[in-house]
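> Show me the folded form of this:
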Amino acid sequence: MATVKYFQTNDTNDKNNISLRNVIFSVVTAYFILIVAMLALSVGIVYGPLKTEAADKFINVIYYTTCIICGFLSSVNQRKRGWLNGLIASSAYFAVVVLSVIAVSQAHLGLSFFARLFLTIVFGVVGGIAGVNKRKKRKK
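Numbers count the residues shown, from 1 in each chain. Next up is the predicted model:
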């Protein structure tokens, strides 16, 4: 049985390949952060000073921040193609979030669905580009 470790690109350097392990790790980590942040938001609404009217804005901020984190983590160890790493990771992240929402409640494929998909990909690509451009500190 064959296993897939990398999506192959034209370069032979491992730093230029898109690691499936990095994509899965970034999706799982971003989803975990999303769940913890949503739980914290729920506690803040129930027991704290947060109002339920502001919940939608906080949910969007949390979601798009985790999209950036997902793209960043998928490409932090790469040298090239951060946009592609972010695109693949954020698309997978969107699929996981949509599947979990469908499992819990009924979802509708409206204009907001496609707008959220587009923004998820944009924020994931931004995170991927930031991850590639992150410089490691050099030891002197």
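> For the chain, just list every one of the strands.
Per DSSP state E, the chain carries strands over the ranges 6-7, 18-19.
> Return the backbone torsion pair for Lys80.
phi -140, psi 170 (degrees, to the nearest 10).
> how far away is it from Phe72?
Per C-beta to C-beta, to the nearest Å, Lys80 is found 15 Å from Phe72. For every residue, glycine as well, the C-beta is placed using N, CA and C.
> okay, those two: which has more neighbours?
Phe72 (24 against 16; other C-beta atoms under 10 Å).
> and the more buried one, what is it in contact with?
Applying C-beta atoms under 8 Å, 6 or more residues apart in numbering to Phe72 gives the contacts 26, 86, 127-128, 130-131, 134.
> So how do I select the buried members of those in PyMOL?
To isolate the buried members of the contacts of Phe72 in PyMOL, using 16 or more other C-beta atoms under 10 Å:
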select buried, resi 26+86+127+128+130+131
